[in-house]
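[1] got a sequence here, can you model it:
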Amino acid sequence: MTEWRPRRVVVTGLGLVTPLDIGVSNTWDKLCKGQSGIGPITRFDAGQYPVQIAGEVKNFDPSMFIEKKEIKKMDTFIHFAIAASQEAVDDAKLVVNQDEADRVGVYIGAGIGGLPAIEHYHKVLLERGPDRVSPFFIPMVIINLASGQVAIRFGAKGPNACTVTACATGNHCIGDGFRLIQRGEADVMLVGGAESTICPTAVAGFAAAKALSRRNDEPERASRPFDKDRDGFVIGEGAGVLILEELEHAKSRGAHIYAEVIGYAMNSDAFHITAPPDDGAGAVTCMERAIQDAGIAKESVGYINAHATSTFADRIETQVIKQVFGERAYSIPVGSTKSMTGHLLGAAGGIEGVFSILALHHGIIPPTIN
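    Just a heads-up that it's a prediction; the model follows:
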């Protein structure tokens, strides 16, 4: 009997929509320069809100990526997912041929999904009646329609779903896509996360939970991962998409390879809906398992893109890194790009996955500002 071995998985394309800019090149340039994408909220009048700042995507025109008649059928998080996917597909020079379409899949998730559209059409319902609610309302807010619309756009008929796990969504979509290719269920996967929930209900809800920074007078300095004076995260939005591809498939078409994905793990604290336990035991186990899955020595880890949201849990995350790596933790570069983008919620894993790959690819570690 032939021994089964997991197939190798590489990254061949990247796409970004972020508060810093639209597109990988411009975003990466601003990230490396330590620029902030955080500013006053412009999506609605936040004058009466305790929190008036966010990491908004600026100057985004969905008609640059989507046919005008289709735009109204989707909420903004889907627009972002399509835009980032288009850049990633173009970057990978990927063409989905019909004879292999069922080997190309999409796993793009969101943490919250179409909340702005839910707000809008609830108001329409109350003020103008049920007949004025759009027939596109339901499909424009359902989270898996980010993956669905992207699949339709590119004719990807392989595995299609989305993981919805709050801030871990993008990470899990990358990991799930990685596993599908490893097991031979797909040759190519478009993976990542998208989010656009800078709207009254979301801001009010997070503010009520005292999760958001209230540094309204200095928005660019409000997101302060690891800082002793941090007072909460800054809500952000955007999308990050990666093209994962089986190594030999990528080689056969002469694709540019940015990096190889070699390890992944996931678990649960089973402790609290938002807070980790003080000892960070779940995170320790997860990191240990990811390193074990990768089959590498801890000494070979050269960069950690931390979750570090600018909340109380930053301290626990620091303890976890020290526990996993011991003395080596003090010599591994650890950073948080959320200092410049804010917390991107369901898009965080996808966007920061792209950032991490670019850091390794270019040999440049983005700063943690503030």
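[2] could I get stretch 26-38 in CSV with only the CA atoms?
    Listed next in CSV are the C-alpha coordinates belonging to stretch 26-38 (Å, rounded to 0.1, in the frame of the first residue of the first chain):
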residue,chain,number,x,y,z
ASN,A,26,-0.2,50.8,-2.3
THR,A,27,-1.3,49.2,1.0
TRP,A,28,2.0,47.6,1.6
ASP,A,29,3.9,50.8,0.9
LYS,A,30,1.9,52.7,3.4
LEU,A,31,2.1,49.9,6.0
CYS,A,32,5.9,49.9,5.8
LYS,A,33,5.9,53.6,6.2
GLY,A,34,3.9,53.4,9.4
GLN,A,35,0.9,55.3,8.1
SER,A,36,-2.5,55.0,9.8
GLY,A,37,-5.7,54.4,8.0
ILE,A,38,-7.8,55.4,11.0
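[3] show me what counts as buried in that stretch.
    Of all the residues in stretch 26-38, those buried under the rule 16 or more other C-beta atoms under 10 Å are Thr27, Trp28, Lys30, Leu31, Ser36, Gly37, Ile38. Bear in mind the C-beta positions are built from the backbone N, C-alpha and C, glycine included.
[4] farthest pair within these?
    Farthest-apart pair in the buried residues of stretch 26-38 is Trp28 and Ile38; separation 17.6 Å (C-beta to C-beta).
[5] which ones among the buried residues of stretch 26-38 are found in strands?
    Assignment to strands by DSSP state E places none of those there.
[6] JSON lines for the residues you listed, including distance to Ser300 and pLDDT?
    Formatted as JSON lines, the buried residues of stretch 26-38 follow (distance: C-beta to C-beta, whole Å; pLDDT from 0 to 100):
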{"residue": "Thr27", "distance to Ser300": "28", "pLDDT": "99"}
{"residue": "Trp28", "distance to Ser300": "24", "pLDDT": "99"}
{"residue": "Lys30", "distance to Ser300": "30", "pLDDT": "99"}
{"residue": "Leu31", "distance to Ser300": "25", "pLDDT": "99"}
{"residue": "Ser36", "distance to Ser300": "32", "pLDDT": "99"}
{"residue": "Gly37", "distance to Ser300": "32", "pLDDT": "99"}
{"residue": "Ile38", "distance to Ser300": "34", "pLDDT": "99"}
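[7] I'd like those as TSV, with distance to Val241 appended.
    Shown next, in TSV, are the buried residues of stretch 26-38 (distance: C-beta to C-beta, whole Å):
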residue	distance to Val241
Thr27	13
Trp28	15
Lys30	19
Leu31	17
Ser36	23
Gly37	18
Ile38	22
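[8] which one of those residues is nearest to Ser147?
    Checking the buried residues of stretch 26-38 against Ser147 with C-beta to C-beta, the nearest one is Thr27 at 22.5 Å.
[9] measure that closest one to Pro367 for me?
    Distance, Thr27 to Pro367, using C-beta to C-beta, to the nearest Å: 14 Å.
[10] just Thr42 next, same as before
    According to C-beta to C-beta, Thr42 and Pro367 sit 26 Å apart.
[11] who has more neighbours, the two?
    Neighbour count, other C-beta atoms under 10 Å: between Thr42 and Pro367, Pro367 has more, with 16 against 11.
[12] spatially nearest residue to that one (excluding sequence neighbours)?
    Excluding its sequence neighbours, the residue lying closest to Pro367 (C-beta to C-beta, 6 or more residues apart in numbering) is Gly34, at 4.6 Å.
[13] surely the one you found touches Ile369?
    Yes: taking contacts as C-beta atoms under 8 Å, Gly34 lies within contact range of Ile369: 4.9 Å.
[14] spit out the residues that contact the two alike.
    Here Gly34 and Ile369 have Met340 as joint contacts, going by C-beta atoms under 8 Å, 6 or more residues apart in numbering.
[15] related to what we said a few turns ago, just the buried residues of stretch 26-38: which are in helices?
    Judged by DSSP state H, the buried residues of stretch 26-38 include Thr27, Trp28, Lys30, Leu31 as members of helices.
[16] which non-adjacent residue is nearest the third one?
    The shortest distance from Lys30 to any residue that is not its chain neighbour, by C-beta to C-beta, 6+ apart, is 4.4 Å, and that residue is Leu20.
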